[in-house]
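*Asks:* turn this into a structure:
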Amino acid sequence: MYIKNVLGTQLYTKLMNDVIAGGSTGKYLELMNNWVAPAQAKWTLWLALPFIWTRISNKSLVKKDSDNSTPVGENEMELLLGRIQSSAEYYCEEVRKFILENSQSFPEYFTNSSFDTKPSNDIYNCGIYTGKGLNDDYRRYNGYYSRK
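*Replies:* Alright, predicted model coming up:
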C-alpha cells in the first residue's frame, strides 16, 4: 500500500501542489508532518532495502560483502522487511484515521472522480486465511459461479 492509494488522487495532488508552492498549512501541514512523511519514509525504505542489500553485476544479482562485515541472511532480511512494512502500514492507517477524524478539513479525500485513484480502506496486507469461499477471487477460481 502506497501513499497515493491511502490519500486518493485529489488529496495527493493537493498535498504535492502545496509542497511545490512552498508548504502546507493547518491540518494539511499536520497531516504531512505527523503521518504522510513518516509513512512515505517507511515505504521508501521498504522498497529500497533489497536493492541496497544486493548489487546487479554483469553475471548475476549478488550480495554486497567486505572483509569487515557479515552479510545478512535472507531470513533476517525478510524479518526486517516485514517489520518495516508493518510500520508503514501502521502510519498509513493513522493517515486514514486522521483524515476521517478531521473530514471537514480534507474535502479532497471525498471528491475523487471515476478516473482517479480512490482512497483505499484496505491498509494492511497480511497473510491471514479468512475461510473458504469468503471472497470472489476464491469463488471464481473454484468454479463457484459456474455451478447451478
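
*Asks:* burial count for the residue nearest to Leu61 when sequence neighbours are not counted?
*Replies:* With sequence-adjacent residues excluded and distances taken as Cβ to Cβ, 6 or more residues apart in numbering, Leu61 is closest to Thr54, at 5.3 Å. C-beta coordinates here come from the backbone N, C-alpha and C atoms, glycine included. Residues contacting Thr54 under the criterion other Cβ atoms under 10 Å number 14.

*Asks:* do Ile84 as well
*Replies:* Ile84 has 18 nearby residues by other Cβ under 10 Å.

*Asks:* check Trp46 too.
*Replies:* Count around Trp46 with other Cβ under 10 Å applied: 20.

*Asks:* can you check Leu81 too?
*Replies:* Going by other Cβ under 10 Å, the residues that sit close to Leu81 add up to 16.

*Asks:* try the one 5 residues further on
*Replies:* Ser86 is surrounded by 14 other residues when neighbours are defined as other Cβ under 10 Å.

*Asks:* would you say it is within a helix?
*Replies:* Yes - per DSSP: H, G, I helix; E, B strand; the rest coil, Ser86 lies within a helix segment.

*Asks:* and it, what's its pLDDT?
*Replies:* The score at Ser86 is 89. That number is its pLDDT.

*Asks:* over to Met77?
*Replies:* The predicted local confidence for Met77 is 82.

*Asks:* residues contacting it?
*Replies:* 49-50, 53 (Cβ atoms under 8 Å, 6 or more residues apart in numbering).

*Asks:* what about it, distance to Lys63?
*Replies:* 10 Å (Cβ to Cβ, to the nearest Å).

*Asks:* and for Phe106?
*Replies:* 44 Å.

*Asks:* now, the contacts of Met77 that are in helices?
*Replies:* Among the contacts of Met77, the members falling in helices (DSSP state H) are 49-50, 53.

*Asks:* of those, which is the nearest to Trp43?
*Replies:* Among the ones in helices among the contacts of Met77, Leu49 lies closest to Trp43 (Cβ to Cβ), at 11.0 Å.
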